[in-house]
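[1] when you get a sec, could you give me coordinates for this:
(one chain, ligands or ions: 2)
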Amino acid sequence: MKALQREDQNLKEFQELTGSMYHASYRAAWLSALFLPTVQIIAAVALGMIVWYSGDQIMVGAMTIGGINAFVSYLTFMMWPIQDLARVYAEMQHSIASAERIFKLIDTPPDVHDKPDAVPAKTILGEIEFEHVDFYYEDRNPVLSDFTLKVNPGETIALVGPTGGGKSTIVNLLCRFYEPCKGVIRINGRDYTEYTMQSIHSRIGIVLQTPHLFSGTVRENIRYGRLDASDAEVENAAKIAGADDFITAGLEKGYEQNVGEGGNLLSVGQKQLISLARAVLAKPELFIMDEATSSVDTLTEALIQRGMEALMKGRTSFVVAHRLSTIRRADRIIVIEGGKIAEQGTHAELLRKRGHYYRLYTQQFRHELEVQYGVVEEQTSEVSDAVAAD
Ligand SMILES: Nc1ncnc2c1ncn2[C@@H]1O[C@H](COP(=O)(O)OP(=O)(O)OP(=O)(O)O)[C@@H](O)[C@H]1O
Ligand SMILES: [Mg+2]
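    Ligands and ions are numbered 1, 2, ... in the order given. Take a look at the predicted model:
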């Protein structure tokens, strides 16, 4: 708001939004302030009328003063609970309105839930298959259409492609944060919706595009990966993920440093490293990294890669990355464009094809390449040949 100088505008919008609330509250306060005096005035007027009428009656001897006194007292006793009832009724109306909102939220059915006959998956190390998967988020605007992909056990898949192409969506589906709208995703040859969600999630190590930490210490945050891990295991995972350096050298209290709400006392790169350590600690069968190291400097990234390589061996991995160095080592590179596979193959194969990957690569990775190989030529073909040969 400050950077875009939106303070005044936002204040105006906020006042507009809260205006109706203000008027409704004002009216409610006004009515409730009016309510009690009205009831009391009616009571007082009634009492006045009784006294006035009974005065005559006493004169002619039809009533006694004691009788009237008793009658008025009983009447007052009766009025109290009625007044109370009116007050409680008003409060109840208020509470019902609040409760309605709360229960509406609590009763929201989750989009993805276990089938009643779901079984726990013993492993998810086997083949993973997307079969004619269609997916849209809300508005039936297809994000993936007829997406088909078969991944062999232990394979490292790199997903690349333009922004908004659907890479994170594929990852979300694989983690079963969402389920396909049409088509199936099979794990070990079985539709993954037949497995319990918990058995899938517990076997996936995931680093999301927007890393999230919980308030607590660094150590606690890494330990979320596997709650029964020892301190040594936590630190070892941090070493593999390249996080140990900044934790021990950069943070005053090291592993016991508090990361703040949502990890806001750390930089984005540091949060990514901790998320990565968390995924490493989980010893998952399936690794998913969505731009896991995008905010980490290249030197640290190279270190992480060395650590991760051993770890990824024998495990299926999905890696979404923009950096060439991360992608090149993948067994297969899948180019996603507009929710479809535009191309797939190894780095060298795709370069030779001179298609989507080649274009993406020569535009997007050019700079990185120049730094690495010292090539500063205009002809992109020579650049690609150099790398293809490499
Ligand atoms: N939660 C959501 N609700 C509605 N639409 C969404 C949601 N998340 C993503 N989309 C839409 O889905 C499309 C694909 O988004 P996705 O996040 O998969 O792209 P991406 O390839 O990961 O992009 P990037 O490289 O920027 O991370 C986009 O057009 C986006 O508008
Ligand atoms: Mg994404």
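
[2] what is the burial count for residue 57?
    13 (other CB atoms under 10 Å). C-beta: built from backbone N, CA, C; applies to glycine.

[3] I'd like to know how far it sits from ligand 2.
    88 Å (CB to the ion, to the nearest Å).

[4] give the contact list for that residue.
    For residue 57, the contact set (CB atoms under 8 Å, 6 or more residues apart in numbering) comprises residue 63.

[5] can you start the count at 18 instead of 1 from here on
    Sounds good: first residue 18 from here, last item residue 74.

[6] tell me the pLDDT at the residue lying farthest from the centre of the chain?
    Going by CA atoms, centre = their mean, the residue of the chain most distant from its centre is residue 77, 83.2 Å out. pLDDT, residue 77: 89.

[7] for the stretch 168-317 of the chain, what lies in contact range of ligand 2?
    184, 185, 226 (CB under 5 Å from the ion).

[8] out of those residues, who's near ligand 1?
    184, 185, 226 (CB under 6 Å from any ligand atom).

[9] tell me the least confident of those?
    residue 226 (84).

[10] and that residue, how far is that from residue 155?
    Using CB to CB, to the nearest Å, residue 226 is found at 19 Å from residue 155.

[11] coming back round to it: filter the ones next to ligand 1 among the residues of the stretch 168-317 of the chain next to ligand 2 down to the buried ones.
    184, 185 (16 or more other CB atoms under 10 Å).

[12] just the ones of the ones next to ligand 1 among the residues of the stretch 168-317 of the chain next to ligand 2 in helices?
    Cross-referencing those against helices under DSSP state H gives 184, 185.

[13] just the ones next to ligand 1 among the residues of the stretch 168-317 of the chain next to ligand 2 now: which is nearest ligand 2?
    Distance to ligand 2 across these (CB to the ion) is lowest for residue 185, with 3.1 Å.

[14] now do the host helix or strand of residue 187: which elements does it pack against?
    Per DSSP states H and E: residue 187 is located in helix 184-191. When contacts are defined as 3 or more CB pairs under 8 Å, 6 or more residues apart in numbering; DSSP states H and E, helix 184-191 packs onto strand 145-152, strand 161-168, strand 173-177, strand 303-307, strand 333-337.

[15] quick one: the third one to helix 184-191, angle?
    Which is strand 173-177. Orientation check (axes from the mean of the first three to the mean of the last three CA atoms, to 10 degrees): strand 173-177 against helix 184-191 gives 140 degrees.

[16] grab the longest helix from this structure for me.
    Ranking each helix of the chain by length (DSSP H) puts helix 24-76 first.

[17] tell me which other helices or strands the helix or strand just after that helix touches.
    Following helix 24-76 in sequence order, the next helix or strand is helix 82-123 (DSSP H and E). With contacts defined as 3+ CB pairs under 8 Å, 6+ apart, the packing partners of helix 82-123 are helix 24-76.
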